[in-house]
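Asks: structure for the following, please:
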Amino acid sequence: MEMYDMKPNAPAEYRGQFSPISTNVPGADVCELMPRHTKVADRYNVIRSVAHTFADHGGGHKRFLTGRDPLEPTGFVNDFPMAGSIVAKERSHRRTGIPNYICGSSRGNVNADAFSFGAAYLGPAYTPFTFTGDPSDSKFTVKNISLDESMATRLEDRVQLLGGLDLLRREVDASGVIDSMDQFNADALDLLTSTQTREAFDLSQESDELKDRYGRHAWGQRALLARRLVEAGSSFVTVVMENAYVSPIRYPKYAVFNWDSHAVNGHIFEDALVRLPVYDQAITALVEDIYDRGLDKKVLLVVTGEFGRTPRITYANGTRSKEKQPGRDHWPQAMSMLVSGGGMRTGQVIGSTNSKGEHPHSRPLTPNDLWATVYRHLGIDHGRSFIDNAGRPMPILPYGEPIAELL
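Replies: As a prediction, the model looks like this:
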C-alpha cells in the first residue's frame, strides 16, 4: 500500500503518509517516492490481486516460490523445488557456458535455504549458483568461476578421472542421485572452463553511464548483473534486494534492514523515504535496459516479495529508535507485484483489492498462476511430473493457469 496499491481514500489508519502519482498509463498510479516508474509504466504490468494463506516468512517463501502448501509452515528448507530449480532441471540440456539458475544475494547468504531457493527432491545439482555481496564494491568478487595457474593441471586430472567414471552403471538409480551428481560435476567443470561466465560477471564491460542509470549501489548493480547473465544465456536469475543500506547509503535510525516493516523493526514511512527511491532507480533501469536491448520478448521480469503487509498500520516502540513508530505486519491475503517483458501485453493493472486493501476484489489470483505464466514463457509444461523422494509422481504445479491478460 506504500508502492503499487495505494488507498488515498481509505481511513487514516490504513492509507499511510504518501500520495499516489499518475503514470503514463491511466489508472496505474504509484507512490510519489517512485517517480521513475511513472515514465515506463507502459513497459510493465502491476498485478494487485495475488493471495495465499501462509503468513510466516518461511511458510510464505515456500508457498510462493514452489507453488505448493509447505509441509512445514515455518523454516526455509523447501519441501518442494523452487521454480528456479524446476527451470534448471527442465532446461539442463542447454549448455551455454552459463549456469541455468543463478542467485545474487546479500553477503553471507550463499546457502540456497536462506530464502527457500532449494531444489528439494530434484537434488543439489539444481540449486542456484550463488554470488553474494555488493557488485558496486571495488573488492567484489565471484567465487568458483576461475582457477589460478597452480590448479590448472589438477583440473585436467579431474576431468580425466570423471571421464573414467563413465563405466559406472547409471541406468537403475530411482532416487536420481547419480543423475544429480553427473549434472553437478558437469556444471562445476563448465564454470571452471567457461569464459562466458567470467565475461558475463564482468561489469567493467558496461559503460559508466549505464552503471549510473542503475545506481551505484548493491541493488542497482545486482540488477545490472542479472541483465548481463540472462543475456549471456542463463535461464533463471533471481536477485535478492533485501538490505538497501549498503554501499554509499547510510543506515538511518528508523530504518528496516529488509522489507519486514514491523513497527518494532523500523519506522515504515521514514524507511521508505530512503528505500523506495533506491528501488525505483534499480527496477526502472532494468525495465528500460531490457527493452532498449531488444530483450523484452526473451526476458520475463518478475519483481515480488513473499506476501503483502497488513492494510491497517500498527504502532510499537522501535528496537533501535526506542520511540513509538508505525509499521505494517505480514499479510498474505493480498499482495502486489510487477511483471515486465516476456513478449507480454504491458501497461496494465491486473486485479484489484477492496477499498482498504484487505483482500482481492477483482481477478483473484494465486502464486501458481504467476508460475504457470513463467513456465509457459520458458516452454515448460507445468503439468509434467517428477518423482519425489518417496517415489511419488509430483506435477510441477498442482494447479494454476497462465494469466490470460499477460499472454
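Asks: for residue 67, see how far away residue 345 is.
Replies: 23 Å (CB to CB, to the nearest Å). Just so you know, the C-beta spots here come from the backbone N, C-alpha and C atoms, and that holds for glycine as well.
Asks: just residue 125 next, same as before
Replies: Going from residue 125 to residue 67 by CB to CB gives 21 Å.
Asks: among the two, which residue is more densely surrounded?
Replies: residue 67 (28 against 23; other CB atoms under 10 Å).
Asks: distance check, that one against residue 43.
Replies: Relative to residue 43, and taking CB to CB, residue 67 is found at 27 Å.
Asks: now do the buried residues in stretch 207-220.
Replies: Of the residues in stretch 207-220, 211, 213, 214, 215, 217, 218, 219, 220 count as buried by neighbour count, 16 or more other CB atoms under 10 Å.
Asks: hang on, the second one in a helix?
Replies: What that stands for is residue 213. Yes: counting by DSSP: H, G, I helix; E, B strand; the rest coil, residue 213 is located in a helix.
Asks: just the helices from this structure, written as ranges.
Replies: 12-15, 57-66, 83-90, 149-164, 177-193, 195-200, 208-214, 218-232, 268-292, 367-377 (DSSP state H).
Asks: residue 97: which of those helices is closest?
Replies: Closest to residue 97 of the helices of the chain, according to CB to CB: helix 195-200, at 3.4 Å.
Asks: just how off-centre is the closest one within its chain?
Replies: 22 Å (CA atoms, centre = their mean, to the nearest Å).
Asks: check stretch 202-219 too.
Replies: The answer for stretch 202-219 is 20 Å, by CA atoms, centre = their mean.
Asks: quick one: end-to-end length of it, please.
Replies: 16 Å (CA to CA, to the nearest Å).
Asks: what lies in contact with that stretch?
Replies: Here stretch 202-219 makes contact (CB atoms under 8 Å, 6 or more residues apart in numbering) with 106, 133-136, 199, 220-221, 223-225, 228, 241, 243-244, 246-249, 278-279, 281-282, 285-286, 288-289.
Asks: buried subset of those?
Replies: Neighbour-count burial (16+ other CB under 10 Å) applied to the contacts of stretch 202-219 gives 106, 133-136, 220-221, 223-225, 228, 241, 243-244, 246-247, 249, 278-279, 281-282, 285-286, 288-289.
Asks: so in terms of bridging, what pairs with the residue positioned nearest the centre of the chain?
Replies: Nearest residue to the geometric centre of the chain (CA atoms, centre = their mean): residue 238, 4.1 Å. Counting by DSSP bridges, residue 238 is bridged to residue 103.
Asks: thought it was touching residue 128?
Replies: Yes: Residue 238 lies in contact with residue 128 (CB atoms under 8 Å); the separation is 7.2 Å.
Asks: quick check: neighbours shared by those two?
Replies: 84, 102, 103, 117.
Asks: next, give me the two most distant ones among those residues.
Replies: 102 and 117, at 10.4 Å, using CB to CB across those.
Asks: between the two, what contacts are shared?
Replies: Common neighbours of residue 102 and residue 117, counting by CB under 8 Å, 6+ apart, are 128, 238.
Asks: what ranges in the stretch 101-250 of the chain fall below the confidence cut-off?
Replies: Under the criterion pLDDT under 70, the flagged ranges of the stretch 101-250 of the chain are 109, 144-194.
Asks: again, only using 50
Replies: The stretch 101-250 of the chain contains residues with pLDDT under 50 at 147-149, 151-152, 155, 159, 161-162, 164-175, 177-178, 181.
Asks: can you give me the buried ones in stretch 346-365?
Replies: Buried residues in stretch 346-365, counting neighbours by 16+ other CB under 10 Å, are found at 346-353, 356-358, 360, 363, 365.
Asks: count of neighbours near residue 250?
Replies: Using other CB under 10 Å: residue 250 sits among 10 other residues.
Asks: what's the answer for residue 204, then?
Replies: Counted with other CB under 10 Å, residues neighbouring residue 204 total 5.
Asks: roughly how far does it sit from residue 234?
Replies: The gap separating residue 204 from residue 234 is 19 Å, by CB to CB.
Asks: equivalent analysis for residue 289, please.
Replies: Where residue 234 is concerned, residue 289 sits at a distance of 16 Å (CB to CB).
Asks: cool, and residue 274?
Replies: In terms of CB to CB, residue 274 sits 31 Å off from residue 234.
Asks: when those two are compared, which one has more neighbours?
Replies: Neighbour count, other CB under 10 Å: between residue 274 and residue 234, residue 234 has more, with 26 against 18.
Asks: wait, that one touches residue 101, no?
Replies: Yes: assessed by CB under 8 Å, residue 234 is found in contact with residue 101 at 7.4 Å.
Asks: shared neighbours, these two?
Replies: Common neighbours of residue 234 and residue 101 (CB under 8 Å, 6+ apart) do not exist.
Asks: what about residue 255, how many residues nearby?
Replies: Based on other CB under 10 Å, the number of other residues close to residue 255 is 23.
Asks: what sits against residue 367?
Replies: Applying CB under 8 Å, 6+ apart, the residues contacting residue 367 are 50, 52, 63, 64, 65, 67, 400.
Asks: turn the residues you listed into a markdown table, columns for distance to residue 92 and pLDDT.
Replies: Below are the contacts of residue 367 laid out as a markdown table (distance: CB to CB, whole Å; pLDDT from 0 to 100):
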| residue | distance to residue 92 | pLDDT |
| --- | --- | --- |
| 50 | 29 | 98 |
| 52 | 29 | 98 |
| 63 | 26 | 98 |
| 64 | 24 | 98 |
| 65 | 19 | 98 |
| 67 | 20 | 97 |
| 400 | 23 | 97 |
